[in-house]
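J.: Build me a model:
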Amino acid sequence: MELQDPKINGALPAGAVGYRQEREGFLPSHNPAPGRKPAQFMDFEGKTSFGMSVFNLSNAIMGSGILGLAYAMAHTGVLFFLVLLLCIALLSSYSIHLLLTCAGVVGIRAYEQLGQRALGPVGKVVVAAVICLHNVGAMSSYLFIIKSELPLVIGAFLYMDPERSWFLNGNLLIIIVSVLIILPLALMRHLGYLGYTSGLSLTCMLFFLISVIYKKFQLDCPVGRNDTAAESKSPLGLNRSCEAQMFTVDSQMFYSVPIMAFAFVCHPEVLPIYTELCRPSKRRMQAVANVSIGAMFCMYGLTATFGYLTFYSSVKAEMLQMYSQKDLLILCVRLAVLLAVTLTVPVVLFPIRRALQQLLFPSKAFSWPRHVAIALILLVLVNVLVIYVPTIRDIFGVIGSTSAPSLIFILPSVFYLRIVPSEVESLSSWPKIQALCFGVLGILFMAISLGFMFINWATGQSRVSGH
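T.: Predicted structure coming up:
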């Protein structure tokens with residue numbers, strides 16, 4: 001809802017005067033003083049069209065999480081999954097509403113700056129740490145895809161079994177790719193190829209969706225309901241029953257919601273996209289967010305549904321592993337996804353390095369040794385993490401249970417409660433009660449998801465699924 005400037009007998013309350021002044025500085029002033037540049041929220045006039053802004057935000061939402069959605073559906077059921085996915089989408093849209101409202105109050109365009117405005121220097125540190133954690137998780141998921149898919153692609157071209165060739169070991173290959181491709185790109189001072197990478201990534205995922213739908217109608221499930229022998233011989237490892245479940249609950253279900261949350265995180269990119277939007281307004285940017293989230297909801301729902309209906313409960317957390325290594329179409333999909341994720345890793349590394357430099361060296365001038373050292377340390381850390389984490393599901397689960405609820409639920413609600421003046425909306429007002437409940441929901445989501453994952457790890461149930 002749009003905030004209205006409250007008036008009491010024609011005058012604003014003292015606390016709301018600052019609110020109005022800050023809000024008026026959010027967009028260019030129409031009546032600047034003579035000889036004075038108008039105060040404005042943006043460093044430059046936004047020139048990005050509505051459609052291109054939708055494209056940019058959709059690409060910010062889209063990521064490796066799409067590969068794990070069929071797995072999430074297998075452990076929740078078709079209807080339950082789609083209901084949960086819709087809830088996450090709606091909550092993400094409401095979260096962006098809170099961010100835009102806060103930005104409109106204080107004229108701030110960066111997530112970290114909102115944290116500082118709401119909670120002081122500690123808030124800036126917390127927000128930067130959460131963003132770093134999320135981006136490290138995203139980098140890890142991308143490198144895990146390289147680790148699992150690159151050996152299959154090279155093995156297909158060389159007609160070799162990846163498991164019998166030492167030089168096709170996934171751990172060795174991610175180190176080689178990191179040194180020869182990712183590191184040189186990450187050492188660039190400016191990320192000029194970002195636009196090309198973004199377009200390529202979204203195109204690859206659309207190609208992936210089309211291929212998943214096509215393969216659903218091409219592959220028949222050869223396993224009868226009681227034919228366990230056929231199941232063990234199936235080269236694709238198809239489902240033991242080939243029967244879709246509308247609702248199901250098992251020990252892996254608590255990985256499902258974090259995977260969905262991970263797939264919808266785009267919040268640090270919302271305000272920069274808002275800055276560049278042509279004719280920016282809260283309502284116009286909210287429309288951009290709603291269209292983007294709606295498009296991704298449809299894409300996620302289709303990918304998960306057709307992936308699940310192809311492999312049913314046997315689907316793995318990284319769905320591409322379910323397809324034949326000799327399938328030419330899937331080989332092209334693997335190449336496209338590998339190219340996209342390889343070029344995206346340096347893009348994800350840049351915000352981490354910028355946040356670390358602002359936190360640790362805020363007053364230092366640019367230094368090449370420090371620039372290189374941060375990139376090296378981050379790549380080594382992520383490579384070690386990917387080598388020792390057994391499945392991509394654990395990466396999706398942990399990041400989706402920590403940074404995702406923080407970015408979607410907790411931080412936007414805290415910003416709203418702290419930034420919007422009490423003279424404008426009191427703590428007992430319905431919007432602030434909603435924001436408070438939203439933050440509490442995020443805390444509960446984080447605690448429950450992490451709790452059940454730790455229980456699964458402690459009891460060994462995380463290996464029951466065989467992934």
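
J.: okay, which residue is most central for this protein?
T.: Per CA atoms, centre = their mean, the C-alpha nearest to the average position across the chain is that of V265, at 3.6 Å.

J.: okay but that residue is in contact with H134, surely?
T.: Yes. With contact defined as CB atoms under 8 Å, V265 counts as touching H134 (6.4 Å). C-beta: built from backbone N, CA, C; applies to glycine.

J.: nearest spatial neighbour of G170, skipping sequence neighbours?
T.: With CB to CB, 6 or more residues apart in numbering as the criterion, G170 has its nearest non-adjacent residue at 3.8 Å, and that residue is K147.

J.: is it true that N59 touches T203?
T.: No. N59 is not in contact with T203 according to CB under 8 Å; the separation is 9.8 Å.

J.: who has more neighbours, these two?
T.: N59 (23 against 13; other CB atoms under 10 Å).

J.: Shouldn't the more buried one be within a helix?
T.: Yes. Using DSSP: H, G, I helix; E, B strand; the rest coil, the assignment for N59 is a helix.

J.: Distance check, it against F208.
T.: Separation of N59 from F208 (CB to CB, to the nearest Å): 14 Å.

J.: I'd like the mean pLDDT over the helix ranked longest in the chain, please.
T.: In the chain, taking DSSP state H as the definition, the longest helix is helix 121-158. Mean pLDDT, computed over helix 121-158, is 89.

J.: list the buried ones in that helix?
T.: For helix 121-158, the neighbour count (16 or more other CB atoms under 10 Å) marks 123-153, 155-156 as buried.

J.: Stretch 443-458 now?
T.: F445, M446, S449, L450, F452, M453, N456.

J.: Then stretch 171-186?
T.: By neighbour count on 16+ other CB under 10 Å, the buried set for stretch 171-186 is L173, I174, I175, V177, S178, I182, L183, L185, A186.

J.: tell me which element the first one is part of?
T.: Under DSSP states H and E, the secondary-structure element containing L173 is helix 170-177.

J.: Tell me the helix or strand right after that helix.
T.: As assigned by DSSP H and E, the chain's next helix or strand after helix 170-177 is helix 183-186.

J.: Now tell me what touches that following helix from outside.
T.: Helix 183-186 is contacted from outside by Y193, L343, V345, P346, L349, F350, A375, L376, L379, using CB atoms under 8 Å, 6 or more residues apart in numbering.

J.: which of those has the most neighbours?
T.: Within the contacts of helix 183-186, neighbour counts (other CB under 10 Å) peak at V345, which reaches 26 neighbours.

J.: List the buried residues of whichever strand or helix holds that residue.
T.: For V345, the element it lies in under DSSP H and E is helix 328-360. Neighbour counts using 16+ other CB under 10 Å place 330-331, 333-338, 340-353, 355-357 of helix 328-360 among the buried residues.

J.: Kindly provide the distance from the nearest residue to S165 once chain neighbours are set aside to K215.
T.: Once flanking residues are discounted, S165 sits nearest to G155: 7.2 Å by CB to CB, 6+ apart. Per CB to CB, G155 is found 20 Å from K215.

J.: try L360
T.: L360 sits 47 Å away from K215, going by CB to CB.

J.: Where does pLDDT dip in the stretch 101-250 of the chain?
T.: Applying pLDDT under 70 to the stretch 101-250 of the chain flags the ranges 190-198, 221-241.

J.: any idea of the pLDDT on S465?
T.: At S465, the model reports a pLDDT of 38.

J.: What of G35?
T.: On the pLDDT scale, G35 is placed at 47.

J.: now S406
T.: S406 is assigned 92 on the pLDDT scale.

J.: next one: A11
T.: At A11, the model reports a pLDDT of 43.

J.: Output the strand or helix carrying F415 as CSV, restricted to C-alpha atoms.
T.: Using DSSP H and E, F415 maps to helix 411-419. This file holds the C-alpha atoms of helix 411-419, laid out as CSV (Å, rounded to 0.1, in the frame of the first residue of the first chain):
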residue,chain,number,x,y,z
LEU,A,411,15.6,-8.1,7.0
PRO,A,412,12.8,-6.5,4.9
SER,A,413,10.4,-6.7,7.9
VAL,A,414,13.1,-5.2,10.2
PHE,A,415,13.8,-2.4,7.8
TYR,A,416,10.1,-1.6,7.6
LEU,A,417,9.6,-1.6,11.3
ARG,A,418,12.6,0.6,11.9
ILE,A,419,12.5,3.0,9.0
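
J.: who does that helix touch, helix- and strand-wise?
T.: If you count contacts as 3 or more CB pairs under 8 Å, 6 or more residues apart in numbering; DSSP states H and E, helix 411-419 packs onto helix 78-106, helix 111-119, helix 121-158, helix 430-459.

J.: out of those helices, nearest to V420?
T.: helix 78-106 (5.8 Å; CB to CB).

J.: ok, and for that closest one, which residues are buried?
T.: Neighbour-count burial for helix 78-106, counted by 16+ other CB under 10 Å, picks out 78, 80-82, 84-85, 88-89, 91-106.

J.: Tell me where the model's unsure across the stretch 251-400 of the chain.
T.: Within the stretch 251-400 of the chain, no stretch has pLDDT under 70.

J.: mind listing the helices for it?
T.: For the stretch 251-400 of the chain, applying DSSP state H, counting those that start in this stretch gives helices covering 253-263, 267-276, 282-311, 328-360, 368-388, 392-405.

J.: So for G65, which of those helices sits nearest?
T.: Evaluated over the helices of the stretch 251-400 of the chain, closeness to G65 peaks at helix 253-263, with 3.2 Å, by CB to CB.
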